[in-house]
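K.L.:
Please find the sequence and the predicted model below.
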Amino acid sequence: MEDYPEELRTPPVSLVSIVGCPEMHATISAALSSQQPPMSTLALPDFAKANILSRTAKSRDPLAPPQAATGILKKDWLLKHRTRVPAAVAAMFRADQVTGDPAQWLQACSDLENLKSIIQGRHSKLVVILVQTQAGDELGEEVMVALRKRAEIDSKHLIVLVESDEAERNASLLKLRTIFAELCSTYYKEEGRRIKARIEKRNFSSVELSVRYCFKVAVYAEFRRDWPEALKFYEEGVRVLREMIGTSTRLPPTQRLVEIKAVADQFHFKISTLLLHAGKVVEAITWFRKHIRSFERVVGSPEVAFLHWEWFSRQFLVFGELIETTSTTVPDTISPRFGTADNALTEWEFQPAYYYQLAANYLREKRCALECPSSRANLTGDSEIPDSVMSSVYVGQYVRLFEEGDTISVLPLSDAEYTSYALSEAERFQDSYEIIALFRKAYESFLSLGATRMASSCSAGMAIEYYAAGEFGNAKKLFDGVAGLYRQEGWTTLLWENLGYLRECSRKLNSLVNFISYSLEMAALPLFSGSVQGNSENKSNGPAGWPTISRREEIQQEVVNILEGKHTSQVMDDEFNLQLTEESTQLVIDQISPLRIVLVASVAFHDQSVKPGSPLLVSVSLLSHLPSPVAIDQLEVRFNQSDCNFVMVSAQEDSSTLNSDVHGQVVHSTSLTLFSNKWMRLTHEVKSGQSGKLECLSVKAIINKHLVVCCQAESPASMEDFPLWKFEDQVETLPTKDAALAFSGQKLIQVEEPDTQVDLVLDSTGPALVGELFVVPVTILSKGHAVHSGELKINLVDAKGGGLLMSPGEADESESHHVELLGVSTATGDEVSKEEVDNIKKIQYSFGVVSVPTLVAGDSWSCKLEIKWHGAKSLMLYVSLGYSLDSSGDASLHRLNVHRSLQVEGKIPMIVGHQFLRPFRREPLLLSRIRSSSGDDKKDSLAMNESNMLIVSARNCTEVPLRLHSIAIESDGDGKQLCSVEQISGLSDEYAVVAPSAEYKAIFSVNPRASNPDFYLGELCLNWSRDLVLGENQDSRVTMKQRLPEVHIEEPPLVMSIECPPYAILGTPFTFYVKIHNSTSLLQEIKYSLVDSQNFVFSGAHNHAAFILPKTEHTLSHKLVPLGSGSQQLPRITVASVRYSAALTPPTSATSVFVYPSEPKFNLEKSHPMSDECVS
Amino acid sequence: MIVCVAVVGHQNNPLYLQSFTEADDALKLHHVVHCSLDVIDERVNNPKKSAPTLNETFLGLLYPTENYKVYGYLTNTKVKFLMVTTDLDVKDADARNFFRKFHAAYVDAVSNPFHVPGKKIASRSFGARVSTIVKSFGSGTVG
């Protein structure tokens, strides 16, 4: 766009001129240019300079017939009108010049006359400015009138400018501006109308003039900002120009076309600029399409076709730049359905990148036309390049300067001369770099739009230019990038072209490995079946020609020839010097390499796991898509365990050529030839090595002795499709004959560990009891393997899952662990040295590691795990022994492991219960019990100063007999003083054996001495151990503690005691006493009632009341005669205290008596006092 | 005149591409067809623009380039049909009609039980049928 002159690129600005009074010029021109629309000022300091405004004198004879135009547009016409032909001229006089001195007045008049005559031919308008120093200066009216008459102007075109007063000056400047704007508009309108009249009357001698007039009218319209009119005439101009191509005969055809296109270019530029600046994007693009279509085929003679393409390319470039600079967006008003009847435009046409890409394409066309031999042939010899050719005054015309002595004349050129001139000019330019720059612009822009394929196409264009320019490094880099996209999307024909270039680049860059790999990839490419093309010599397909099978075979053969050192002249040019410089060339093919289509290796073991040392079968399958058979000299299969590596050698190959560094086995195979698209399947037996993973890493094929192709081994189960070939319509073949193996085969196999020959025994003596130190003996028994650096790992896991053996949230405290691993002791006990204790590496609550001493075969070692249960919990005990067979350090990798597990139940050994009893036949009135009878307070109440009974029962709930060593109540200091506890019955011997599910009871008497609502009696302590047959181990005694609940101790206000003989005899009367003791200091009223019993008759009141004095006792006595024998219930007595409104009823057990039918005869001595039985 | 027709699979891989031109621009046509896939992506993936054309298979003029104009068509299975022509004025109806016949031919070709979906179309009868459709293009026999 910068090629266009400034006046064409910017909208025209009206020009006015001011003459005289140079000191005011800066102020005036600043005022005129700062306003909208601006005006430029041509300032002339004095009237003598006014001559430059005059028309250049034309020596044309007015009577001569009108000369045919020699060109369409003069180059400087627009410039002239923008800089030298003012629309209005202002003559400036100072006030003192026109008043006073008559000589000065005369001078002013003559200057004015002179100016008038100068501008008359131009039709420029005249303005007179009088400059006053001060506002107050008097100017005679007659002076003004005289001046106006002299200048022949309206009164409003005479302006008085006051110099000193700023406000006045600004007002007059504004006035001047308005006058100038008005005059400019009139001037340009008149000029335009004058020329338009000529067009309308068709008053012109040649079609060239018609175009020129159109241009002028349009420019005048632009001067007065009448854009639609300007557009109309520009378009008309282009139309006429287009018609001119066939009709004009003024110039030789080539130059004529050049001129027409140059003019059309300017017209088109103007139209595009006008449309785009007006925001009419759609119109602009539609216009551009029309423009391109009308000039697309106007190529001219083939010799100068390059000129056409250069011009054509520039159209795209300039339009692209215009779209970019006006930052065009797709207008919302147009239909989003691009490319259909609703909206003929497409998305890309709004993007500058589209135009840049096409500009680059056409510029490339120019380069091709320039390089084409036909354009050159006619020129050489025909005419030499003429000297001093220059562009003429007309747009798009060239002339020759001819010097003869002092006179310089301008001669027209012949077409041949012009062509050779243009050719020599064109050769001076490096088109390649311009093409690359255009493509790069388009590439970046397309990439930012997300159009990767367009971008790739631009990238490929750049690469081809670099290639043509001989910059192979850059070309290769770009081609490589593009090839990736084509590979991914499977555009094989495009990839073929690309690889053809890449191959040539590598050849030029002397890179043998790249050359071979690109060649092999090309040779292995599938052909796009739908595009069989006959002629492969076509240049436009790049250096590779058109893909055919024969071409693929040729390329493969070329590689083979290089490898064999044969240089065939067919593929060789002089620069080609690819030599095998090294011993061999290595290609590595991994799973993402594009060379997978050249060779792929699939390796499958026939089994999934194997014992160490046993033989196993492995299938190696190779597939190549190369068109010709490939003979493999040697195939080397590598595993991660190098002992398993093996090499297959073709029978034709001499085995002496084998590399000496191959360790594995060597197998001779009859033939190792790969045919196109056919799997070569080889099965081999290898011996599995060490335990662990055995994986096939790579398959190395040596082809033609010098090419080493190293393929990463792939499992058939996870093998991916072949890129590019997966779209081919062909039968899919499997890498192995066994279809199951082809779908599930793996390239790795698990070699199992050798069988362990060490036994690990876990012993357990039934369920563990909570609290005891439970011992699990562990024995390691070597049955053939020596144990070196053995390690025993112990793990305690909750058998119900969850893994945690502690209550959550309290992980820190050891009490929170339900089960705890306390330690490990060796069987030899005392002999454990200090060092060995240190060897116990780590014992945690649920995890332990213990080192095992070195054991020779046949030896055994044992230890005991000490585990303590804090709660009833089922536990899984995992013990694993890891060891190595020898003591050397590196063998630690191959450790053998033995695992054992054992489930151990944790059980609570005894359930301890307790029960409080009141003294026999003594019933204290405990008020708290009455009050809380309905409440949920289950606290036991004890009467103060009474001997209460406490029965403690311990039930063995295990399956083994337990020894109970002691049962005691341990109370704290306070408790001892306030309450005496003594054991009445209990363990008489050293211990008592409690059989499973048997119960042992102990009786305590509790005599509290102080009342206390929350009395803590103490802890029940049971000391027990397992009833082992063997000697008792003191350590194994376990103390089990259980806290007794708190009791309520209170002083009873009334105590009722019943006295009655221990037995009765049928028919014999006895007395039954009920004594009620009042321990309060109050008088107590009681009421009592006695219920009849059918077995007794009694004397005394059924119901009665009595008063008991404080601290005294009241006795009720009834005489009873038993009527029936056996255990009989005495008549039921209920004593009620009126004060407390509480009744006391003795329990039935306390009010029964055994009635003998007659006096019993006891064998016991009489001395045994039976009356003791009466418990008071 | 139609110079090239193509069927492009849903992974943007070419399934069928046939040029009908005497000139040596077969490779160029590959480039043109490949680049026009960008326009299809743009039209299909731009939800705002594709909203009114949701059920429209005919994509219209994809882009004009040099002497060619590329028209596109997208089936429900995301298979793209492309047609490259050198005609200056192509009626929408003609293009639609062409693609409809082309689509029918494609459906018949892939309905062949021996055809594996997603692979190249190698059927000769498909090729012959496409040639007939191409020859009849623009000859006025609309319908």
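P.N.:
Cool, got the structure.
K.L.:
Just confirm A:A631 contacts A:K705, I think it does.
P.N.:
No. Using CB atoms under 8 Å, A:A631 is not in contact with A:K705; the gap is 10.5 Å. (C-beta placed from N, C-alpha, C; glycine too.)
K.L.:
and chain A, what are its domains?
P.N.:
Domain segmentation of chain A under automatic domain parsing yields A:1-57+A:66-192, A:251-323+A:339-385+A:416-469, A:585-751, A:758-885+A:897-902, A:910-1050, A:1054-1173.
K.L.:
how about a markdown table for those domains, with mean pLDDT, distance to chain B and mean neighbour count added?
P.N.:
Output for the domains of chain A, formatted as a markdown table (pLDDT from 0 to 100; distance: least, CB to the nearest CB, whole Å; neighbours: other CB atoms under 10 Å in any protein chain shown):
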| stretch | mean pLDDT | distance to chain B | mean neighbour count |
| --- | --- | --- | --- |
| domain A:1-57+A:66-192 | 79 | 22 | 17 |
| domain A:251-323+A:339-385+A:416-469 | 83 | 3 | 20 |
| domain A:585-751 | 81 | 5 | 18 |
| domain A:758-885+A:897-902 | 73 | 48 | 16 |
| domain A:910-1050 | 77 | 71 | 16 |
| domain A:1054-1173 | 83 | 90 | 15 |
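K.L.:
Three-state assignment for the residue nearest to A:N795 when sequence neighbours are not counted, please.
P.N.:
The shortest distance from A:N795 to any non-neighbouring residue, by CB to CB, 6 or more residues apart in numbering or on different chains, is to A:Y878 (4.2 Å). Taken by DSSP: H, G, I helix; E, B strand; the rest coil, the conformation at A:Y878 corresponds to strand.
K.L.:
what does the model give B:Q11 for pLDDT?
P.N.:
pLDDT for B:Q11: 86.
K.L.:
In terms of helices and strands, where is it?
P.N.:
Under DSSP states H and E, no helix or strand contains B:Q11.
K.L.:
Neighbours of it, how many?
P.N.:
For B:Q11, the neighbour count with other CB atoms under 10 Å in any protein chain shown is 13.
K.L.:
Can you give me the separation between the closest residue to it other than its chain neighbours and B:P14?
P.N.:
Excluding its sequence neighbours, the residue lying closest to B:Q11 (CB to CB, 6+ apart) is A:E489, at 6.9 Å. Distance of A:E489 to B:P14, given as CB to CB, to the nearest Å: 8 Å.
K.L.:
Can you list phi and psi of residue 88 for me?
P.N.:
Since no chain was named, I'll use chain A. Per-residue torsions, A:A88: phi -140, psi 150 (degrees, to the nearest 10).
K.L.:
I was after chain B.
P.N.:
Torsion angles, degrees, to the nearest 10, at B:L88: phi -80, psi -40.
K.L.:
That one reaches A:E296, doesn't it?
P.N.:
No. With contact defined as CB under 8 Å, B:L88 does not count as touching A:E296 (9.9 Å).
K.L.:
looking at chain B, which helix or strand is least sure?
P.N.:
Every helix and strand of chain B was ranked by mean pLDDT, DSSP states H and E. The lowest is helix B:47-50, at a mean of 55.
K.L.:
Downstream of that helix, the next helix or strand is which one?
P.N.:
Downstream of helix B:47-50, the first helix or strand assigned by DSSP H and E is strand B:58-65.
K.L.:
counting contacts, what elements does the helix or strand just after that following strand pack onto?
P.N.:
Going down the chain from strand B:58-65, the next helix or strand is strand B:68-74, by DSSP H and E. Using 3 or more CB pairs under 8 Å, 6 or more residues apart in numbering or on different chains; DSSP states H and E as the contact test, the elements touching strand B:68-74 are helix B:26-45, strand B:58-65, strand B:80-85, helix B:92-110.
K.L.:
how far off strand B:68-74 does the first one point, in degrees?
P.N.:
Angular relation of helix B:26-45 and strand B:68-74 on a 0 to 180 degree scale: 50 degrees, by axes from the mean of the first three to the mean of the last three CA atoms, to 10 degrees.
K.L.:
looking just at contacts, which helices and strands does helix B:26-45 meet?
P.N.:
If you count contacts as 3+ CB pairs under 8 Å, 6+ apart, helix B:26-45 packs onto helix A:452-469, helix A:492-508, strand B:2-8, strand B:14-19, helix B:47-50, strand B:58-65, strand B:68-74, strand B:80-85.
K.L.:
what residues does the longest one touch?
P.N.:
Residues from elsewhere that reach helix A:452-469, judged by CB atoms under 8 Å, 6 or more residues apart in numbering or on different chains: A:348, A:353, A:357, A:360-361, A:364, A:367, A:430, A:432-433, A:435-436, A:439-440, A:442-443, A:446-447, A:472, A:474-479, A:481-482, A:485-486, A:498, A:501, A:504-505, A:542, B:31, B:34-35, B:37-38.
K.L.:
Who are the contact partners of the most centrally placed residue in chain B?
P.N.:
For chain B, the residue nearest the mean C-alpha position is B:L82 (2.2 Å; CA atoms, centre = their mean). For B:L82, the contacting residues are B:C4, B:V5, B:A6, B:V7, B:V8, B:V33, B:S36, B:L62, B:V70, B:Y71, B:G72, B:Y73, by CB under 8 Å, 6+ apart.
K.L.:
Skipping its backbone neighbours, what lies nearest it in space?
P.N.:
B:A6 (4.5 Å).
K.L.:
Can you verify my assumption that that neighbour contacts B:Y73?
P.N.:
No. Contact criterion CB under 8 Å: B:A6 and B:Y73 do not qualify, at 10.6 Å.
K.L.:
quick one: common contacting residues for the two?
P.N.:
Common contacts of B:A6 and B:Y73, defined by CB under 8 Å, 6+ apart, comprise B:K80, B:F81, B:L82, B:M83.
K.L.:
distance of the residue lying closest to the first one once chain neighbours are set aside from A:L8?
P.N.:
Put plainly, it is B:K80. Distances taken as CB to CB, 6+ apart put B:V8 closest to B:K80, at 4.2 Å, once the chain neighbours are dropped. B:V8 sits 45 Å away from A:L8, taking CB to CB as the criterion.
K.L.:
same question, A:E521
P.N.:
Distance of A:E521 to A:L8, computed by CB to CB: 52 Å.
K.L.:
quick revisit: adding distance to B:F126 as columns, could you present the domains of chain A in a markdown table?
P.N.:
Formatted as a markdown table, the domains of chain A follow (distance: least, CB to CB, whole Å):
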| stretch | distance to B:F126 |
| --- | --- |
| domain A:1-57+A:66-192 | 49 |
| domain A:251-323+A:339-385+A:416-469 | 26 |
| domain A:585-751 | 12 |
| domain A:758-885+A:897-902 | 64 |
| domain A:910-1050 | 86 |
| domain A:1054-1173 | 109 |
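K.L.:
what about A:I199, helix or strand, and which?
P.N.:
Under the criterion of DSSP H and E, A:I199 resides in helix A:166-200.
K.L.:
centre of the chain versus that helix, how much separation?
P.N.:
Relative to its parent chain, helix A:166-200 has a centroid offset of 66 Å by CA atoms, centre = their mean, to the nearest Å.
K.L.:
same for it, what does it pack against?
P.N.:
strand A:14-19, helix A:25-34, strand A:39-44, strand A:88-94, strand A:125-132, strand A:158-162, helix A:207-223.
K.L.:
could these be laid out in JSON lines, adding distance to A:R198?
P.N.:
Shown next, in JSON lines, are the helices and strands packed on helix A:166-200 (distance: least, CB to CB, whole Å):
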{"stretch": "strand A:14-19", "distance to A:R198": "23"}
{"stretch": "helix A:25-34", "distance to A:R198": "31"}
{"stretch": "strand A:39-44", "distance to A:R198": "27"}
{"stretch": "strand A:88-94", "distance to A:R198": "24"}
{"stretch": "strand A:125-132", "distance to A:R198": "22"}
{"stretch": "strand A:158-162", "distance to A:R198": "34"}
{"stretch": "helix A:207-223", "distance to A:R198": "6"}
